[in-house]
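> Can you look at this prediction? I've put the sequence above it.
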Amino acid sequence: MMTNKKLIYITGPTGIGKTEFSIKIAKKLKTEIISCDSRQFFKELKIGTSPPSKKQLETVKHHFIHHKSIHDDYNVGKFEKDAVNLIESLFLNYDNLILVGGSGLYANSIMYGIDKFPSIPLALKNMIKKKYKENGIEYLQERIKNLDPEYYGKVDKNNSHRLIRALEVIETSGKSFTSYRKANKKERIFSKEIIILNCDREILYSKINKRVDIMIKNGLEDEVYGLKEFKNLNTLNTVGYKEFINYFESKISYKEAIDKIKQNTRNYAKRQITWNKKYSDAKKIDMSENVTANINKILQI
């Protein structure tokens with residue numbers, strides 16, 4: 001095991017400033033960045049996912065940014081395999097690597113590994129989707145509540161994709177979805193340090209609202225309009241995209257769409273904050289403090 005090799009995971013709620021902060025750290029350590037933001041993988045989602053800018057990408061080498069299409073079949077299992085293989089090769093040249101992003105499950109797949117889920121029969125997939133279309137999300141919610149109450153207490157109950165995925169696994173295996181999420185951790189060839197960025201909740205919400213305004217100014221509406229024909233893809237079930245699709249279908253007004261993007265982004269940030277609480281050994285960085293002092297804290301790990 002290469003115990004002198006270290007993966008530094010920088011996380012925190014959306015809008016906190018992970019991208020800029022991780023670039024500063026990477027420059028100090030003269031290393032590269034692995035992104036684990038599951039929506040920044042897709043090259044069609046250029047505005048609504050707030051990927052690093054062209055200048056930022058030129059400043060530090062990033063991996064897993066816009067390397068896939070929304071039409072590609074890509075999931076956390078495939079990402080784990082791709083990312084771990086890349087990380088192991090990069091550690092031949094670097095002692096430190098930076099992992100950054102707010103997609104906790106994808107980060108965990110790198111740091112701890114995930115259990116291999118069963119292959120889902122196509123007939124079962126189609127049956128569950130048919131039931132969902134006929135009975136709505138309430139059907140999925142009720143099934144998960146009955147079959148796996150522990151997962152029901154944790155999952156985003158309005159995320160149909162996650163509910164469908166969990167139900168597929170449960171129906172195929174006869175086991176709870178939770179049992180797969182509690183799989184034994186895999187051994188990695190590197191040590192890890194987890195850095196959680198945080199700030200006052202009101203400051204964070206203000207940052208989120210301003211960032212949404214900037215996305216709108218930069219053309220988010222046009223970006224979503226060009227993708228609306230693919231609305232049934234799970235990748236378009238993303239904050240900033242699903243709200244505008246509802247607007248285009250006259251389900252909500254323009255103002256409601258903007259307000260909902262801000263609200264749903266704030267709600268997503270809350271879930272990320274809750275998720276990060278499980279990292280009990282993480283170092284917490286207050287983003288309202290001096291940036292140089294924060295960087296020094298990390299480099300002294």
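Cool, got the structure.
> Please make it C-alpha for all contacts and neighbour counts, starting now.
Will do.
> Against residue 271, how distant is the residue most central in space within the chain?
For the chain, residue 103 is the residue whose C-alpha lies nearest the centre (Cα atoms, centre = their mean; 2.3 Å). Using Cα to Cα, to the nearest Å, residue 103 is found at 11 Å from residue 271.
> next one: residue 79
With Cα to Cα as the criterion, residue 79 and residue 271 are 22 Å apart.
> Please identify which of these two sits among more neighbours.
Counted by other Cα atoms under 10 Å, residue 79 and residue 271 do not tie: residue 79 has more neighbours, with 19 against 15.
> And for that one, nearest residue in space, chain neighbours not counted?
Among residues not flanking residue 79 along the chain, residue 106 sits closest, at 7.5 Å (Cα to Cα, 6 or more residues apart in numbering).
> What count of nearby residues applies to the one you found?
22.
> before we move on, what about residue 95?
Around residue 95 there are 17 residues (other Cα under 10 Å).
> Next up, the contacts around it.
4-6 (Cα atoms under 8 Å, 6 or more residues apart in numbering).
> in the chain, which spans are helices?
Here the chain has its helices, by DSSP state H, at 18-29, 54-59, 76-90, 104-111, 122-135, 137-147, 149-152, 160-173, 177-181, 201-217, 220-225, 242-248, 254-276, 291-299.
> could I get those as a markdown table with mean pLDDT?
Formatted as a markdown table, the helices of the chain follow (pLDDT from 0 to 100):
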| stretch | mean pLDDT |
| --- | --- |
| helix 18-29 | 96 |
| helix 54-59 | 96 |
| helix 76-90 | 95 |
| helix 104-111 | 94 |
| helix 122-135 | 93 |
| helix 137-147 | 95 |
| helix 149-152 | 92 |
| helix 160-173 | 91 |
| helix 177-181 | 80 |
| helix 201-217 | 97 |
| helix 220-225 | 98 |
| helix 242-248 | 98 |
| helix 254-276 | 96 |
| helix 291-299 | 79 |
